[in-house]
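[1] What would the 3D arrangement of this be:
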Amino acid sequence: MDKKYKSNNDYETNLNLSTLVVFTRAEQKIHKMEYETIKAGGLTNSQFAVLEVLYHKGDLKICDIIEKILTTSGNITVVIKNLEKDGLIRKYANTEDKRSILISITDKGKKIMDDIFPNHVDNINNIFNILTIEEKLELKKILKKFRDIYGV
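    Model prediction:
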């Protein structure tokens, strides 16, 4: 322990605070770099998230989209309305549950994802290739510990 700290508790508190700052700055930088290919493809982050989940998971109810992309319902309704207006998704009645609506990606939406997604994956690979495989596995293990204890 450094002599400038009065106790282990002071040291650990300062370590916790500086860890949060480093984590937050790293997360912000990673997201900024990640969003470059999304923005270059002409989409917002939220639009990309909705299209990406529909592209990979198929037709979904709005509540399922919200759950999978971890966003709020207020924001997602506007995003879906704009994607529908642009012809990238369509809404239709759920034949299994008349009370709900399903959202489907259109051919135009698939074409955009076909164009953007490979670049997005390359970008993510470039971002995380600064870490070794072992470091990536350790980072995932640490982050999952937060998820498991605090829930996400």
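[2] Excluding chain neighbours, give the residue nearest to the residue nearest in space to the middle of the chain in space.
    Central residue of the chain (C-alpha atoms, centre = their mean): I69, 6.1 Å from the mean position. Closest residue to I69 apart from its sequence neighbours, by C-beta to C-beta, 6 or more residues apart in numbering: A49 at 4.2 Å. C-beta: built from backbone N, CA, C; applies to glycine.
[3] quick one: the strands in this structure?
    60-61, 89-93, 101-105 (DSSP state E).
[4] what about the ones you listed, which gets the closest to E12?
    Taking C-beta to C-beta, strand 60-61 is the member of the strands of the chain nearest to E12, at 43.6 Å.
[5] Show me the shaky parts of this structure.
    Applying pLDDT under 70 to the chain flags the ranges 1-7, 72-73, 152.
[6] rerun at 50
    In the prediction, the chain carries no residues with pLDDT under 50.
[7] remind me, longest helix of this protein?
    Identified as the longest helix of the chain according to DSSP state H is helix 8-40.
[8] Out of the strands of the chain, which is the most enclosed?
    Mean neighbours per residue, mean count of other C-beta atoms under 10 Å, is largest over the strands of the chain for strand 101-105, with a mean of 18.
[9] Okay, now the sheet partners of that strand, with direction.
    strand 60-61 (antiparallel), strand 89-93 (antiparallel) (DSSP bridges).
[10] With distance to M113 added, can I get the strands of the chain in TSV?
    Output for the strands of the chain, formatted as TSV (distance: least, C-beta to C-beta, whole Å):
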stretch	distance to M113
strand 60-61	15
strand 89-93	11
strand 101-105	7
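[11] Send me stretch 116-130 as CSV with only the CA atoms.
    Backbone C-alpha positions of stretch 116-130 (Å, rounded to 0.1, in the frame of the first residue of the first chain) are rendered in CSV as follows:
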residue,chain,number,x,y,z
ILE,A,116,-22.8,-2.7,-43.3
PHE,A,117,-22.5,-5.8,-41.2
PRO,A,118,-19.2,-7.2,-42.7
ASN,A,119,-17.6,-3.8,-42.2
HIS,A,120,-19.0,-3.6,-38.6
VAL,A,121,-17.5,-7.1,-37.8
ASP,A,122,-14.1,-6.0,-39.3
ASN,A,123,-14.2,-2.9,-37.2
ILE,A,124,-15.0,-4.9,-34.0
ASN,A,125,-12.2,-7.3,-34.8
ASN,A,126,-9.8,-4.3,-35.2
ILE,A,127,-10.9,-2.8,-31.9
PHE,A,128,-10.4,-6.0,-29.9
ASN,A,129,-7.3,-7.3,-31.7
ILE,A,130,-5.2,-5.3,-29.3
